[in-house]
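J.: Fold the stuff below for me.
(one chain, ligands or ions: 1)
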Amino acid sequence: MTVITIVDEPDSSVAVDRLLTRLSGAGMRRTLATRAVAQVLVRHDCPTAAEVQAHLRARDVRMDLTTVHRILRRLTEAGAVVPIPRDSAMGYRIADRAEHCLTCPSCGRTVPLTAAAATALLAEVTAAGFALGPVTVSTRCPRCH
Ligand SMILES: [Zn+2]
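T.: Numbering: from 1, shown residues only. Next comes the predicted model:
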């Protein structure tokens, strides 16, 4: 039995609602557990499933890792989050934030690419015949290299 306590914070509720609206659009039920995971994803960029679980625990929400994985998989299938490979495991980022960025595989820190850099990169990507999509450059941040 998963015991969940939700404490809403006004600054992030709009982003959480946007994420949950996507799920409804994809035919997913908006459960309390899903909402709790969505709140973590809004506040923390690109956490792994284990980090999501730790963030939940810090807010007195107990959820087993299998449930966290299941919700993250559903969010991914709904196109609401994008899986980003990190050193140890897969990180999960809200799709809106996944547009063209530099991402540190160690800590998950993300910096958006400038428009000029993104345009040049996309030209390379399409010239190579790859599908056009969010471009994520995986490279270590100053704190991690
Ligand atoms: Zn880093």
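
J.: List the buried residues in the lowest-mean-pLDDT helix or strand in the chain.
T.: The weakest-scoring helix or strand in the chain, judged by mean pLDDT, DSSP states H and E, is helix 10-25 (a mean of 73). Buried residues in helix 10-25, counted by 16 or more other CB atoms under 10 Å: A15, V16, L19, L20, R22, L23. C-beta: built from backbone N, CA, C; applies to glycine.

J.: what does that helix rub up against?
T.: Here helix 10-25 makes contact (CB atoms under 8 Å, 6 or more residues apart in numbering) with 29-30, 34-35, 38-39, 41-43, 74-75, 78-81, 94-96.

J.: list the contacts for H100?
T.: With contacts defined as CB under 8 Å, 6+ apart, H100 is in contact with P112, L113, A117, A118, L121, L122, P134, V135, T136.

J.: Give me the buried entries from those.
T.: L113, A118, L122, V135, T136.

J.: nearest residue to the first one other than its sequence neighbours?
T.: The spatially closest residue to L113, leaving aside those adjacent along the chain, is H100, at 4.4 Å (CB to CB, 6 or more residues apart in numbering).

J.: Give me the distance between the one you found and the ion.
T.: Using CB to the ion, to the nearest Å, we find H100 at a distance of 18 Å from the ion.

J.: related to what we said a few turns ago, now the two most distant members of the buried ones among the contacts of H100.
T.: Within these, L122 and T136 form the most distant pair, 12.4 Å apart (CB to CB).

J.: Spell out which parts of this structure neighbour the ion.
T.: Applying CB under 5 Å from the ion, one finds that the chain approaches the ion through C104, S106, C107, R109, C141, C144.

J.: Mind checking what secondary structure the residue most central in space within the chain has?
T.: By CA atoms, centre = their mean, the mean C-alpha position of the chain lies nearest to R93, the distance being 1.7 Å. R93 falls in the strand class when you classify it by DSSP: H, G, I helix; E, B strand; the rest coil.
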